[in-house]
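1. Sequence and predicted structure below; questions after.
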Amino acid sequence: MPDSPGRRRPSAPAMLPVTLPVTLIALVLSGLAAGCGGSSGPTTLTVLAPSSLKEVFGEVGTAYGQMHPDVRVRFDFGAMPEMTDRLSGQDPGDVLVTGDAASMDEAADHLTDHRRTVAHNSLTIAVGPGNPRRIRELRDLARPGLRVVVGAESVPVGRYTRQVLTKAALTVRWSSKEISARAVLDRVRAGEADAGIVYITDLRSAGVAASSVPIPADLNVTAAYPAATVEGGDHEEAADAFVSWLTTPAAQKLFDKYG
């Protein structure tokens, strides 16, 4: 029946505003973002390594990143005491590479059992450009008045140097002991030393800033570089994969190029 002029149609029920808790809104929004394919980006591995591997690891990191785009490798280089001290600090890294087995053994409490020998090196005599002191062989380092710099006994290059001198039955009076092979080379390059015993890889990186006097194979040593995963890191699985990859033919080809 049609409405009479005096009657009013009942109004629709009023819609009351609904207030959602802020935390619920945040959860909903974060869920939507995840559903839209949000990503935290590639995993970043921090590798602590000696300075003598700086050049080759530059290529190694690039090659690994190309093969594993979900992983970014960042290298921190320095003297071994500095690298091993970091393992007990706030930023221990994910992988440790050392210049010899003794350094790795000293850090064993902070490492997993995933340990591999990944590179080799040998020693040479660094002299100033053009070899101004006319050093021809290892025995010349014992000449009076010659300023010879070596690595300290507490670091790998120092231990290897003493092995070479022992093989040669040679006593050398050095003017300074440094914490790394790179520090030894820097002394020679700066003219603060006439000669120093360093890794071949260090001397190659110096270019024309230093010359080399080879050490005979029968007196030389083979420096072995072990790598291991840092225990308790955020990316142990990715670190294990990287350490294993360092022993593959692709990685070894790069190490051979520099060593």
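-> Now that the structure is in, tell me what you want to look at.

2. what about the strands in the stretch 151-259 of the chain?
-> 176-178, 195-199, 211-214, 223-230 (DSSP state E, counting those that start in this stretch).

3. looking at the ones you listed, which is buried most?
-> Ranked by mean neighbour count under mean count of other C-beta atoms under 10 Å, the strands of the stretch 151-259 of the chain are led by strand 195-199, which reaches a mean of 30. (Each C-beta comes from the backbone N, C-alpha and C, glycine too.)

4. returning to that earlier point: V97 is nearest to which of the strands of the stretch 151-259 of the chain?
-> Across these, V97 has its closest neighbour in strand 223-230 (4.5 Å, C-beta to C-beta).

5. which other residues reach that closest one?
-> Contact with strand 223-230 is made by 50, 53, 87, 92-101, 104, 107, 110-112, 114-123, 156-157, 160, 199, 236, 239-240, 243, 246, as judged by C-beta atoms under 8 Å, 6 or more residues apart in numbering.

6. Domain-wise, how is the chain divided?
-> 43-120+224-258, 123-214 (automatic domain parsing).

7. angle of the helix or strand containing R116 against strand 223-230?
-> According to DSSP states H and E, R116 maps onto strand 111-121. Interaxial angle, strand 111-121 versus strand 223-230 (axes from the mean of the first three to the mean of the last three C-alpha atoms, to 10 degrees): 150 degrees.

8. and strand 111-121, how far out from the chain's middle?
-> Chain-centre distance of strand 111-121: 13 Å, with C-alpha atoms, centre = their mean, to the nearest Å.

9. which secondary structure elements does that strand contact?
-> When contacts are defined as 3 or more C-beta pairs under 8 Å, 6 or more residues apart in numbering; DSSP states H and E, strand 111-121 sits against strand 95-97, strand 223-230, helix 236-245, helix 249-258.

10. among the ones you listed, which is the most enclosed?
-> strand 95-97 (a mean of 26).

11. partners of that one, with directions?
-> strand 43-50 (parallel), strand 223-230 (antiparallel) (DSSP bridges).
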